[in-house]
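*Asks:* what follows is a predicted structure for the sequence shown.
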Amino acid sequence: MNIYVLMKRTFDTEEKIQIDQGQINEDGAEFIINPYDEYAIEEALQLKEEHGGEITVVTVGEEESEKELRTALAMGCDKAVLINVEDDLEESDQYTVSSILYHFLKDREFDIILGGNVAIDGGSGQVAPRLAELLEIPCITTITKLTVNGNEVEAERDAEGDLEIIETSLPLIVTAQQGLNEPRYPSLPGIMKAKKKPLEELELDDLDLDEEEVAPKTKTIERFLPPEKEAGKILEGDPEQQATDLVSLLRSEAKVI
């Protein structure tokens, strides 16, 4: 089974984001594999253990992404590919990334492509569905269970609190949701082996692409942190008075009724 995993390098979820002149200040920040992509990597590893095959993890990013790719290799992936756009693109969006991934994958053989449901830094969840549309293959998002039997696939997906069971066939793109599995930690032998596993670096020229073809379709106008939460209010008096005051506050201050 030829398995590809889409991975993104993101801020550590424990990091406190700093905004400097409308830009995220990355000085001293820690980066990790996007947590939802870890579920995709683990599911790929379990598919390989069950069906055999090879796992290639791929990311579109900058030179620094090599560290996270090595972590994926240490978890058990076989090969890694970094599509380095650092010198070609100042900005990118979901259109950019999905277009680049399409040109990377369109002439390759694959049975299944896995990715995270969303990236924690953007949260749009667009890249995998866009890629599936370009490749003209099915896409199932937010899966919490995956069963592959030959060419047939059954997936359970989280649908806004409900459960959907979907049947389709390979080739296929799926995106992983929390609850699909429990990602493994890289072992010491895995870390040592990862140093010798192949990590290929490509640029846009290698995919016969130029900057204009994958230029972003959207533009970020402003970045800002959410306002700090105000102190809560304690209502006093008997229950009837508290209820009256609460309704008044919801109408006059919160403006929700």
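*Replies:* Right, received. Where do you want to start?
*Asks:* how's the chain carved up into domains?
*Replies:* 2-214, 227-257 (automatic domain parsing).
*Asks:* what's the distance between the closest residue to Cys139 other than its chain neighbours and Phe104?
*Replies:* Distance criterion CB to CB, 6 or more residues apart in numbering; nearest residue to Cys139, sequence neighbours excluded, is Ala132 at 3.4 Å. C-beta: built from backbone N, CA, C; applies to glycine. Remark: distance between Ala132 and Phe104 (CB to CB, to the nearest Å) = 14 Å.
*Asks:* in terms of packing, which of the two has more residues around it?
*Replies:* Set Ala132 next to Phe104 and count neighbours by other CB atoms under 10 Å: Ala132 wins out with 22 against 19.
*Asks:* list the contacts for Ile143?
*Replies:* Going by CB atoms under 8 Å, 6 or more residues apart in numbering, Ile143 touches 155-158, 174-177, 180.
*Asks:* and which of those residues is nearest Glu240?
*Replies:* Using CB to CB, the shortest approach to Glu240 within the contacts of Ile143 belongs to Asp158, at 41.9 Å.
*Asks:* does the closest one really touch Lys145, like I thought?
*Replies:* No. Here Asp158 does not reach Lys145: they are 10.0 Å apart, not a contact under CB atoms under 8 Å.
*Asks:* one step back: what would the domains of the chain look like in TSV with mean pLDDT and distance to Ile221?
*Replies:* Conversion of those to TSV gives the following (pLDDT from 0 to 100; distance: least, CB to CB, whole Å):
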stretch	mean pLDDT	distance to Ile221
domain 2-214	93	9
domain 227-257	87	18
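*Asks:* most tightly surrounded among those?
*Replies:* The highest mean neighbour count among the domains of the chain, using mean count of other CB atoms under 10 Å, belongs to domain 2-214: a mean of 17.
*Asks:* and it, how far apart are its ends?
*Replies:* 26 Å (CA to CA, to the nearest Å).
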